[in-house]
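K.L.:
Need a 3D model of the following:
(2 chains)
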Number of protein chains: 2
Amino acid sequence: MNAIDKNIKFVNADAKVDEAATKPFAKSRKIYVQGSRPDIQVPFREISLSDTPSSFGGDTNPPVVVYDTSGPYTDPNVDIDIRNGLPALRATWIMERGDVEQLDGPTSAFGHQRLVDPELSQMRFNLHRKPLRAKAGQNVSQMHYARKGIITPEMEFIAIRENQRRENMSDLLQTQHPGHHFGASIPPVITPEFVRDEVARGRAIIPANINHPEVEPMIIGRNFLVKINANIGNSALGSSISEEVEKMVWGTRWGGDTVMDLSTGKNIHETREWIIRNSPVPIGTVPIYQALEKVNGKAEDLTWEIFRDTLIEQAEQGVDYFTIHAGVRLAYIPMTAKRMTGIVSRGGSIMAKWCLAHHQESFLYTHFEDICEIMKQYDVSFSLGDGLRPGSIYDANDEAQFAELKTLGELTQIAWKHDVQCMIEGPGHVPMHLIKENMDLQLAHCGEAPFYTLGPLTTDIAPGYDHITSGIGAAMIGWYGCAMLCYVTPKEHLGLPDKEDVRVGIITYKIAAHAADLAKGHPGAQIRDNALSKARFEFRWEDQFNLGLDPEKAKEFHDETLPQEGAKQA
Amino acid sequence: MNAIDKNIKFVNADAKVDEAATKPFAKSRKIYVQGSRPDIQVPFREISLSDTPSSFGGDTNPPVVVYDTSGPYTDPNVDIDIRNGLPALRATWIMERGDVEQLDGPTSAFGHQRLVDPELSQMRFNLHRKPLRAKAGQNVSQMHYARKGIITPEMEFIAIRENQRRENMSDLLQTQHPGHHFGASIPPVITPEFVRDEVARGRAIIPANINHPEVEPMIIGRNFLVKINANIGNSALGSSISEEVEKMVWGTRWGGDTVMDLSTGKNIHETREWIIRNSPVPIGTVPIYQALEKVNGKAEDLTWEIFRDTLIEQAEQGVDYFTIHAGVRLAYIPMTAKRMTGIVSRGGSIMAKWCLAHHQESFLYTHFEDICEIMKQYDVSFSLGDGLRPGSIYDANDEAQFAELKTLGELTQIAWKHDVQCMIEGPGHVPMHLIKENMDLQLAHCGEAPFYTLGPLTTDIAPGYDHITSGIGAAMIGWYGCAMLCYVTPKEHLGLPDKEDVRVGIITYKIAAHAADLAKGHPGAQIRDNALSKARFEFRWEDQFNLGLDPEKAKEFHDETLPQEGAKQA
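P.N.:
Numbers count the residues shown, from 1 in each chain, chains lettered A, B, ... in the order given. Below is the predicted model of the structure:
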């Protein structure tokens, strides 16, 4: 059954998500910590532990609280019906700021066209509310509020979330190695004021479109926990809308902090709507992909007007961050001629083709201030794309890559002038000893705006295992200061990931992010390691599984063979 | 069927290895490069490539030659019969040095006892030759020859092997990033004299017992390619002799440079014999495990005499290196009292128990010179065990660990006084920012003797994925100067690895070792990356698979889905 058939079958009346993606983890329960007002309810997962056997001292082991990206899906008290979407938890916060207006309907031509197409009625998400936009002259970005000195409920939510409720843990569990932070300045306790300050100075972003009130606020910045992104996305024949919603839910279950929807093909507008309405995490997209669909794949036919309409279309659906390859300047393209693998970024190659066909600077670069004007009306954050990233070890850290990075730094300053939140994408394929240069130059050129890298892959010789080649680089660059790591799955370079690949990719990147937090000396980062090691030493097998990133896999592996033997090996 | 039944069924008349473990890789052929004498035949795998499509320039792509650990198993011109074992390729080299004598039979009491036991006749390997030992007063270690200025055939073999025949590669493929070597001094070309010099100064070892003439010589040292070890080993109920032989063959197929046999239980003597006779790579063991079996698992009943007999027993079978936990001194044991996870090394905890029971220094420490006397009669290399390695992030880099490391440095000097080859084992569980201290202290305390580490695991929170938590640390410590990386499989802490776990563990560690070679700037290390990236860019899918570490997995993943889509993602 191909995707077109599947989507016809995806009548919204039947839509639901798989139980495997939503069932609670063993011995875990969802808890909420209330903030300064009753509607700030910050979710965590609390893992309860058994007592230490009397031969080891018979301790009572208090529960361990962990960061939880899975949203209401793992809360048995919440009825999930993906036809209704998630509760709009930020709706009041957004409205009470008094700076937004409700539109009559989508203002993009394409959004309108899709809304009125009767053929789409079976697959359309029935959103019973209208899109929001900043009132004329207003700026609704979190950065704008931060710079005015306002601590938003989103910022307070994040402060509570980042602290992971560690104040109740024992001294033993709180003991950790002092880290090596490479210039990060992480305070012992994250306060709402600290969150505000970091956002104000551009060192962190809160991707939270006013049209995505369902999102549970989170932050990306080097002085916070290292985050990870999971990519999903259908292809012409690859999967259906319901499969993509399911991948998103599945991805957040395993720990995806944000999800990028890289769908292509006919129904990406509708697919995106379903994903956003049901996503507790920020959603990112690469709008040029959809713009290219609108000109039937001919890059040279792209125009600013088509791109602009796409930005508005997606902003009004609630996309939280846009990858925009505005740093691919005409003069840099010849610098890629001597490369082994040319331009491998899809967005980068689309824009390079356009620049060469028209022999002029790309409209992303020339209209950058216009783009900022749109972003601030919805609070969409920039993820400035690295269109000239290296696609091989051979091409790492070359002239083209670093020329673009410098331009991304200039564009960051422009975004900040507009109080638009901004992070910077990074490579790619980089051998270990050249990774730090990427981080150092990014910090220097881009004024400490958050860095968001794909891997990097530290060798090219292991197709089928690129989650690992890249997990090594991701852990290292996270340690050096990268704020978010874009996962790579085992299918990288080979095909589209299935659910198991998504899970493996995410766990690999959770490992990388956590290893980075430990090495930076992030306060409290070692609690979970300590609790798990204590359980391991005391042969509390179930606790060891449940404290792990993937309790199901650990239990499955254990049950295949003998416990006592395995315990002695490392 | 339990292992006892299986071993009864393992009548040597039927023994064979699975075809999946021996079939040649697609488009690969075995080649041999001859040295200065016709019996130096150094094996490589040559991967032939297709031409570049004309749209990309129509290049002819010469074959790529890669290091090959798989021995004769992947040579279709060799008839494999594991009942006969592999050809004794070093036999002439050993005999012509004129310093060994052939014994009438095993000189260890245990070896003799097993040989004459009629009940074992069905499972005994029929070796039609007698064990060798140095003549009285002679020292047959490669280090001894090296220090006398002798370049052995083993050294020349290694020089050819390490250079990987890269002189024929194009300038494009030979182009690579200058590395960051942290004090390694790797010459542009490895000469036999360089090999000799490194062995003479103790900076590299050639594990090659005179009773393992089947081994294809290889070298472990920071100025050579980073190597990996794969552990195998049965357990009481886990597996049979034939399964262990098969795991060894399987492990070398995927790239294991050495194999440690950690078998326990009733028939380990016979299992080991079968493994060594069929192993093209050096075999390491932990003799204290077998000694413990001989006293029915009661550590306090161990004696120097039992241990000594075990060393001789195994040395006469051909074990190439012994892990010996001689650095666990009585005074260090109280230092582990405040640890989260105590003493996790099995050898370490056996010796700690002995020391506490007798309240004296262990016989491994007090008899260290006696052990050296045995090692040099067979050329068994030391792998000085880190019995006090940390078993958790919490315990990393503590007083106990570094006290032991300093003692290992003192023991290294004693081994070197006897011209006995020596490497040093390292941890364990270490967060990223504390890894380099391990390497730096090891180099300082142990006079640059090769370091051989397990991982290290960079976090404790991912049981089921410890190949990845540790692959990160392994890549980093390899870059810093570690000479050999002991693999960790996904089953670590949970159970015994099956064949698929062995494969995944090895590929993960090949990635780590290779990423380290790239970062060190090892000459020619980037050739395979360059060739694969070129194939990828030119959509030569089969070449991309075949140049990868695991061609079968890459092809399988690719064939599941659409090629063109996947190619664009990183």
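K.L.:
residue ranges of the helices in the stretch 51-200 of chain A, please?
P.N.:
Per DSSP state H, counting those that start in this stretch, the stretch 51-200 of chain A carries helices over the ranges A:91-96, A:109-116, A:142-147, A:153-163, A:171-174, A:192-200.
K.L.:
Go through those helices and name the closest to chain B.
P.N.:
Smallest distance to chain B across the helices of the stretch 51-200 of chain A (C-beta to the nearest C-beta): 7.9 Å, for helix A:171-174. Backbone N, C-alpha and C define where each C-beta goes, glycine included.
K.L.:
related to what we said a few turns ago, out of the helices of the stretch 51-200 of chain A, which gets nearest to B:A396?
P.N.:
Closest to B:A396 of the helices of the stretch 51-200 of chain A, according to C-beta to C-beta: helix A:171-174, at 15.7 Å.
K.L.:
So which bits of that closest one are buried?
P.N.:
For helix A:171-174, a neighbour-count test (16 or more other C-beta atoms under 10 Å in any protein chain shown) marks A:L173 as buried.
K.L.:
picking that back up, out of the helices of the stretch 51-200 of chain A, the one nearest A:G256 is which?
P.N.:
Nearest to A:G256, of all those, is helix A:153-163, at 15.3 Å by C-beta to C-beta.
K.L.:
Give me the distance from that closest one to the chain's centre.
P.N.:
17 Å (C-alpha atoms, centre = their mean, to the nearest Å).
K.L.:
same check, this time on stretch A:274-286
P.N.:
10 Å.
K.L.:
Can I get it in PDB? Just the C-alpha atoms.
P.N.:
C-alpha atoms of stretch A:274-286 as PDB (Å, rounded to 0.1, in the frame of the first residue of the first chain):
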ATOM      1  CA  TRP A 274      -1.500  17.100  12.300                       C
ATOM      2  CA  ILE A 275       2.000  16.900  13.600                       C
ATOM      3  CA  ILE A 276       2.000  20.400  15.200                       C
ATOM      4  CA  ARG A 277      -1.400  20.000  16.800                       C
ATOM      5  CA  ASN A 278      -0.200  16.900  18.500                       C
ATOM      6  CA  SER A 279       3.300  17.900  19.300                       C
ATOM      7  CA  PRO A 280       4.400  18.700  22.900                       C
ATOM      8  CA  VAL A 281       7.800  19.700  21.500                       C
ATOM      9  CA  PRO A 282       8.800  22.500  19.100                       C
ATOM     10  CA  ILE A 283       8.600  21.700  15.500                       C
ATOM     11  CA  GLY A 284      11.100  22.900  13.000                       C
ATOM     12  CA  THR A 285      10.900  22.800   9.200                       C
ATOM     13  CA  VAL A 286      12.900  23.800   6.100                       C
END
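K.L.:
Now do the buried residues in it.
P.N.:
A:274-286.
K.L.:
again with stretch A:545-564
P.N.:
Of the residues in stretch A:545-564, A:545-551, A:553-555, A:557-558, A:561 count as buried by neighbour count, 16+ other C-beta under 10 Å.
K.L.:
ok, and of the residues you listed, which contact chain B?
P.N.:
For chain B, the contacts drawn from these by C-beta under 8 Å from any C-beta of the partner chain are A:F545, A:L547, A:G548, A:L549, A:D550, A:K553, A:A554, A:F557, A:H558, A:T561.
K.L.:
Save those residues as TSV, and put in secondary structure, distance to A:I468 and pLDDT too.
P.N.:
Formatted as TSV, those follow (DSSP: H, G, I helix; E, B strand; the rest coil; distance: C-beta to C-beta, whole Å; pLDDT from 0 to 100):
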residue	secondary structure	distance to A:I468	pLDDT
A:F545	helix	22	97
A:L547	helix	23	98
A:G548	coil	18	98
A:L549	coil	15	98
A:D550	coil	16	97
A:K553	helix	16	96
A:A554	helix	18	96
A:F557	helix	18	94
A:H558	helix	22	94
A:T561	coil	23	73
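K.L.:
Buried by neighbour count: which residues of the helix or strand A:A315 falls within qualify?
P.N.:
Assessed by DSSP states H and E, A:A315 sits inside helix A:304-317. Residues A:I306, A:F307, A:R308, A:D309, A:T310, A:L311, A:I312, A:E313, A:Q314, A:A315, A:E316, A:Q317 are the ones in helix A:304-317 that count as buried (16+ other C-beta under 10 Å).
K.L.:
Double-check the first one against A:V295; I have them as touching.
P.N.:
This points to A:I306. Yes: shown here, A:I306 and A:V295 form a contact pair, counting by C-beta atoms under 8 Å, at 6.5 Å.
K.L.:
Give me the below-cutoff pLDDT ranges for chain A.
P.N.:
Applying pLDDT under 70 to chain A picks out residues A:1-15, A:235-239, A:562-570.
K.L.:
who's in contact with the residue nearest the centre of it?
P.N.:
Centroid check for chain A by C-alpha atoms, centre = their mean gives A:T258 as the closest residue, at 2.3 Å. Counting by C-beta atoms under 8 Å, 6 or more residues apart in numbering or on different chains, A:T258 makes contact with A:207, A:218, A:220, A:227, A:229-230, A:281-284, A:320-321, A:484.
K.L.:
Can you list the residue ranges for strands in the stretch 251-400 of chain A?
P.N.:
For the stretch 251-400 of chain A, applying DSSP state E, counting those that start in this stretch gives strands covering A:258-261, A:283-285, A:321-324, A:381-384.
K.L.:
Partner strands of the second one and their direction?
P.N.:
Right, the one you point to is strand A:283-285. Sheet pairing of strand A:283-285 (DSSP bridges) gives strand A:258-261 (parallel), strand A:321-324 (parallel).
K.L.:
of all the contacts of A:T258, which comes closest to A:G524?
P.N.:
Closest approach to A:G524 among the contacts of A:T258 (C-beta to C-beta): A:K227, at 16.0 Å.
K.L.:
does stretch A:400-414 come close to chain B?
P.N.:
No: for a cut-off given as C-beta under 8 Å from any C-beta, stretch A:400-414 has no contacts with chain B; the smallest distance is 13.2 Å.
K.L.:
Mind listing residues that contact that stretch?
P.N.:
Stretch A:400-414 is contacted by residues A:202, A:326-329, A:331-333, A:335-336, A:339, A:365, A:368-369, A:372, A:382, A:384, A:386-390, A:395, A:422, A:424, A:426-428, A:441-442, A:444-447, A:449 when judged by C-beta under 8 Å, 6+ apart.
K.L.:
Please identify which helix or strand holds A:I472.
P.N.:
Assigned by DSSP H and E, A:I472 belongs to helix A:466-480.
K.L.:
Could you count how many residues lie near A:T489?
P.N.:
By the other C-beta atoms under 10 Å in any protein chain shown criterion, the neighbourhood of A:T489 contains 26 residues.
K.L.:
Isn't it up against A:P497?
P.N.:
Yes: look at A:T489 against A:P497 with C-beta under 8 Å: they come within range, at 4.0 Å.
K.L.:
so what's in contact with those two at the same time?
P.N.:
A:G505.
K.L.:
mind checking how far the closest residue to A:H112 other than its chain neighbours is from chain B?
P.N.:
Among residues not flanking A:H112 along the chain, A:P106 sits closest, at 5.1 Å (C-beta to C-beta, 6 or more residues apart in numbering or on different chains). Using C-beta to the nearest C-beta, to the nearest Å, one gets 29 Å for the distance from A:P106 to chain B.
K.L.:
Could you give the number of residues near A:P106?
P.N.:
By other C-beta under 10 Å, 20 other residues sit near A:P106.
K.L.:
Contacts only, for it.
P.N.:
For A:P106, the contacting residues are A:H112, A:L115, A:P131, A:E313, A:E316, by C-beta under 8 Å, 6+ apart.
K.L.:
Surely the third one and A:E316 touch.
P.N.:
Yes: with contact defined as C-beta under 8 Å, A:P131 and A:E316 form a contacting pair (4.0 Å).
K.L.:
Now for these two: what residues contact both?
P.N.:
Counting by C-beta under 8 Å, 6+ apart, the common neighbours of A:P131 and A:E316 are A:L103, A:P106, A:T107, A:N211.
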